[in-house]
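1. Coordinates for the following, if possible.
(4 chains)
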There are 2 protein chains.
Amino acid sequence: MRKHSETLRRVGQTATRGRKEILRILEEAPIPLSPRDIHDRFPEPKPDAATVYRNLSLLLSLGLVRSVALHERSRRYEAASAGVHRHRVVCRDCGRIEAFQAATCDLSKIEEEIRRRLGFKVADHSLEFFGSCPDCQAKEQTE
Amino acid sequence: MRKHSETLRRVGQTATRGRKEILRILEEAPIPLSPRDIHDRFPEPKPDAATVYRNLSLLLSLGLVRSVALHERSRRYEAASAGVHRHRVVCRDCGRIEAFQAATCDLSKIEEEIRRRLGFKVADHSLEFFGSCPDCQAKEQTE
DNA sequence: ATTGCAAATGCAAAATTTTTGCAATGTAAG
DNA sequence: CTTACATTGCAAAAATTTTGCATTTGCAAT
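-> Model (predicted):
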């Protein structure tokens, strides 16, 4: 993928196989993936797990990927497409994860409050929802 | 602490030392703690780490504690005082964590959108902010 | 194309974090 | 106080993440 090589060079980093594949894998995934998931999706020859971790940490610091915390054992990661801001909904019963782009994600009121009361300058936020998916709601009815 | 014994019995669980201490430690902490932090704060004799993990997982399923994901290696945990709904602000530079209770935490618009578009019934959410604390903002100015 | 150098990877080992089985112990009820 | 059952300690293992070092790779300048 030429695109990813360019992206990497633009930020002054070498475009290695590991990095390009991670970016591709994350862009193709509909939901955020754990380091393990990413490693599993690598085409052969698979790199060492250490390479995946090292690159995720680099890409994260470059802002090319974002981490998503769904209260699991590992964090997950997603491609950080500029301007796009997604949230997740997780089903507590079956674990299903859905991503959606909120039409109205206006937290400016709260951020204003944070600045006023705590003096923090907010750069980013992380918002996830938990509940039950349509299928699991249906099952509850039956039981 | 009589209070915690009662809380535990009310939900049909035995009030053991481990559980009571975890509830006490979490209630006294101003910020959410990792399993390690909790273990460190136990008075002697400290229980085995396994006990801390087992109890956290029980208390979590009982709804007596909540997990907080600040995109670190471990999750953190906080006491789930009924009715109280807190959020965190984390400084990306120094790691400082502040908790605050938003006067306006109205996500009903988004939850409505989720129900309409994805059919999920949202039960809970998790919202954290990241940015820079007053001290680190001051330091940036100087440099 | 070839070469050379810095940077990234593979590999192995270790550090951390979390989970599990089983015997010993503690809790709460009778 | 004793009994029945749940919980804990302990040890071991599983899972996740990090690190050092020799080797290989990416890529810019021949």
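
2. Give me the mean pLDDT for stretch A:48-55.
-> Per-residue pLDDT over stretch A:48-55 has a mean of 98.

3. Is DNA strand C within reach of that stretch?
-> Yes. Stretch A:48-55 reaches DNA strand C (C-beta under 7 Å from any atom of the strand) through A:48, A:50-51, A:54-55. C-beta here means a position set from N, CA and C on the backbone, and glycine is covered the same way.

4. In ChimeraX, how would I select the buried members of the residues you listed?
-> Those of these that count as buried under 16 or more other C-beta atoms under 10 Å in any protein chain shown are selected in ChimeraX with:
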select /A:51,55
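
5. Of the residues of stretch A:48-55 next to DNA strand C, which belong to helices?
-> Using DSSP state H, the subset of these located in helices is A:50-51, A:54-55.

6. show me where chain A has strands.
-> Secondary structure of chain A (DSSP state E): strands at A:65-68, A:76-79, A:87-91, A:97-100, A:121-132.

7. In chain A, where is pLDDT below threshold?
-> A:1, A:104, A:143 (pLDDT under 70).

8. Most proximal residue of chain A with respect to chain B?
-> Per C-beta to the nearest C-beta, A:Ala69 is where chain A lies closest to chain B, at 3.3 Å.

9. Next, count neighbours for the residue nearest to that residue when sequence neighbours are not counted.
-> Leaving aside its chain neighbours, A:Ala69 sits nearest to B:Ala69 (3.3 Å; criterion: C-beta to C-beta, 6 or more residues apart in numbering or on different chains). By other C-beta atoms under 10 Å in any protein chain shown, 21 other residues sit near B:Ala69.

10. what's near enough to touch B:Ala69?
-> Taking C-beta atoms under 8 Å, 6 or more residues apart in numbering or on different chains, we find B:Ala69 in contact with A:69-71, A:126, B:75-76, B:126, B:128.

11. again, only this time at 6 Å
-> The neighbours of B:Ala69, taking C-beta atoms under 6 Å, 6 or more residues apart in numbering or on different chains as the test, are A:69, A:71, B:75.
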